[in-house]
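In: Take a look and give me a structure for this.
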Amino acid sequence: MATATEAKVKPLADRVVIKPLEETEQMKGGLYIPDTAKEKPQQGEVVAVGPGKLTDEGKRVDPELSIGDKVLYGKYSGTEVTIEDEQYLILRESDVLAIVS
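Out: Predicted structure coming up:
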């Protein structure tokens, strides 16, 4: 499992860093899907979590997500970044739709 130090990125406020999970390349019929035809993954693993959002009163709200959670997120959510040849997605905790158990 990757951690914030391995990812070399520490998100701020209520942001999280997600490593998208890769889809399998072979379908049931034995056909292979080229990279250009694949859809963006909507499931990933949380590799870093920010300290939480600040309220108007200055109190910090602890994040609900933790490192290692497998999550679902919106198809076009967040910002894609490449760090040391690895693809990551940085998005707000509120953009995460669900935790997959």
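In: A helix includes residue 94, no?
Out: Yes. Assigned with DSSP: H, G, I helix; E, B strand; the rest coil, residue 94 falls within a helix.
In: Identify the residues contacting it.
Out: The neighbours of residue 94, taking Cβ atoms under 8 Å, 6 or more residues apart in numbering as the test, are residue 14. Backbone N, C-alpha and C define where each C-beta goes, glycine included.
In: Show me the strands in the protein, by range?
Out: Per DSSP state E, the chain carries strands over the ranges 15-20, 43-49, 53-54, 60-61, 70-73, 79-83, 86-92, 96-100.
In: and the last one, how far out from the chain's middle?
Out: In terms of Cα atoms, centre = their mean, to the nearest Å, the centre of strand 96-100 is found 10 Å from the chain centre.
In: What is it packed up against?
Out: Contact analysis of strand 96-100 by 3 or more Cβ pairs under 8 Å, 6 or more residues apart in numbering; DSSP states H and E lists strand 70-73 as its packing neighbours.
In: And for the fourth one?
Out: Using 3+ Cβ pairs under 8 Å, 6+ apart as the contact criterion, the secondary-structure elements in contact with strand 60-61 are strand 53-54.
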